[in-house]
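1. only the shape, not the letters, is given here:
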């Protein structure tokens, strides 16, 4: 079956604008994660969704960041009033269940550039 | 404070030789460790893992060693091949979301 897909692959925006990043997980995967990788840094956990449970938002860096997930399907990460420090590759991953021990399957990422 | 550290940002190895990538962690609650491999413009892919109850796990050319007392793990690739050239991320799991290191860029020179 298809892997995790993300869109757009690249996004260039002006400082202060809002952006939406989309993730389509592997069908049947109940857990979905968002990460951020800034230049020269590791993967930084942002948020995860597990089934119908409340999402873990502990990694979101500010209230300008939010994410939604429709059931066990598509997720959207929204960044409001973008800042230059938001420039990064945003990666989405899904797994068959949430716990850290389950293999996560990553999408190719969205490269966000804030001018 | 980084809980998972990969202190070598890059490593170059001749084809056919052994590649050793190192990772240190600080949180003693971590009990499962993973290595992911990432090619440019692609997402990371799972490579190999090890539970804290083991000190070695081998899968083909890839072996991961865990030294719990030193809070250190390493990934050995032997023999190294040009297709192994990628960024390798160490990740640690416990009762929290995965924590990743910054990665080590491996270049295997033919």
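-> Everything's here; your move. Small disclaimer: the values here were computed from a predicted structure and weren't measured.

2. drop to CA atoms for contacts and neighbour counts, all remaining ones
-> Will do.

3. can you check the pLDDT for residue B:17?
-> Looking at residue B:17, its pLDDT is 97.

4. correct me, but it touches residue B:80?
-> Yes: here residue B:17 reaches residue B:80: they are 5.6 Å apart, a contact under CA atoms under 8 Å.

5. those two: which is more packed in?
-> Neighbours per residue (other CA atoms under 10 Å in any protein chain shown) separate residue B:17 from residue B:80, with residue B:80 holding more: 24 against 14.

6. around chain B, pick out the residues from chain A.
-> Contact residues (CA under 8 Å from any CA of the partner chain) of chain A with chain B: A:40-45, A:91, A:99-101, A:103-109.

7. of these, grab the buried ones for PyMOL.
-> Per 16 or more other CA atoms under 10 Å in any protein chain shown, the buried members of the residues of chain A next to chain B correspond to this PyMOL selection:
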select buried, chain A and resi 42+43+44+45+91+99+100+101+103+104+105+106+107+108+109
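
8. can you give me the separation between the residue in chain B that chain A sits nearest to and residue B:82?
-> For chain B, the residue closest to chain A is residue B:102, as judged by CA to the nearest CA, at 3.5 Å. For residue B:102, the distance to residue B:82 equals 22 Å [CA to CA, to the nearest Å].

9. which one's more surrounded, those two?
-> Between residue B:102 and residue B:82, residue B:102 has the larger neighbour count (other CA under 10 Å), namely 26 against 15.

10. okay, the more buried one: pLDDT?
-> So, for residue B:102, pLDDT stands at 92.

11. OK, contacts around it?
-> A:40, A:41, A:42, A:43, B:5, B:6, B:9, B:89 (CA atoms under 8 Å, 6 or more residues apart in numbering or on different chains).

12. avg pLDDT for stretch B:28-43?
-> In the prediction, stretch B:28-43 has an average pLDDT of 93.

13. and what of stretch A:108-115?
-> Averaged across stretch A:108-115, the pLDDT comes to 96.

14. show me which pair in the contacts of residue B:102 is furthest apart.
-> Distance extremes for these: the farthest pair is A:43 and B:9 at 14.2 Å, using CA to CA.

15. ok, the helix or strand of chain B with the lowest mean pLDDT: who's next to it in the sheet?
-> When each helix and strand of chain B is scored by mean pLDDT, DSSP states H and E, strand B:99-100 comes last, with a mean of 90. Strands adjacent to strand B:99-100 in the sheet, as given by DSSP bridges, are strand B:86-93 (antiparallel).
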